[in-house]
Structures are given as structure tokens and as C-alpha cells.
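K.L.:
Build me a model from this:
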Amino acid sequence: MRPEDLEVAEHLITARVDGRRPPAKGEVLHVVPRGGHVHLFDVADGSRLGD
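P.N.:
Residues are numbered from 1 along each chain as shown. A predicted model of the protein is given here:
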């Protein structure tokens, strides 16, 4: 798992973070998606949802 990957209720979420200030190990992150910047994919075949 990459540092920017999060395990949330058995789902993997990848979040972009500011590379100038990456989160420290164990740091609590508050993640709020920006409208128009969320991309969802089908776990079975990897196709993008919503297209």
C-alpha cells in the first residue's frame, strides 16, 4: 500500500496530498473530496464508473 492509500471500511481510497508537506505516519487526515475531482472505478474490471 502506498502512503497516500487509505483503508476505509474495507475499501481502498487513493488521495492526493501536498508533496511539500506529506502526512506523517499515524497522522489523522481529514479527507473531503472536491466536486469534479472524484473518480470511481469498478473493482471487477477496472472500468471508470459514471462515463
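K.L.:
where does the chain dip in pLDDT?
P.N.:
1-12, 51 (pLDDT under 70).
K.L.:
can you give me the helices for it?
P.N.:
With DSSP state H, there are no helices along the chain.
K.L.:
Please tell me I have it right and residue 39 contacts residue 48.
P.N.:
Yes - with contacts counted by Cβ atoms under 8 Å, residue 39 reaches residue 48, the gap being 6.4 Å. C-beta: built from backbone N, CA, C; applies to glycine.
K.L.:
Is the spatially most central residue of the chain bridged to anything, and to what?
P.N.:
The centre of the chain sits closest to residue 14, judged by Cα atoms, centre = their mean, with a distance of 2.3 Å. Note on residue 14: beta-bridge partners by DSSP bridges are residue 5.
K.L.:
From residue 47, how far out is it?
P.N.:
Counting by Cβ to Cβ, to the nearest Å, the gap from residue 14 to residue 47 is 17 Å.
K.L.:
Equivalent analysis for residue 20, please.
P.N.:
Counting by Cβ to Cβ, the gap between residue 20 and residue 47 amounts to 34 Å.
K.L.:
what's the answer for residue 37, then?
P.N.:
Distance, residue 37 to residue 47, using Cβ to Cβ: 19 Å.
K.L.:
Specify which residue of residue 20 and residue 47 has the higher count of neighbours.
P.N.:
Per other Cβ atoms under 10 Å, whichever of residue 20 and residue 47 has more neighbours is residue 47, with 8 against 5.
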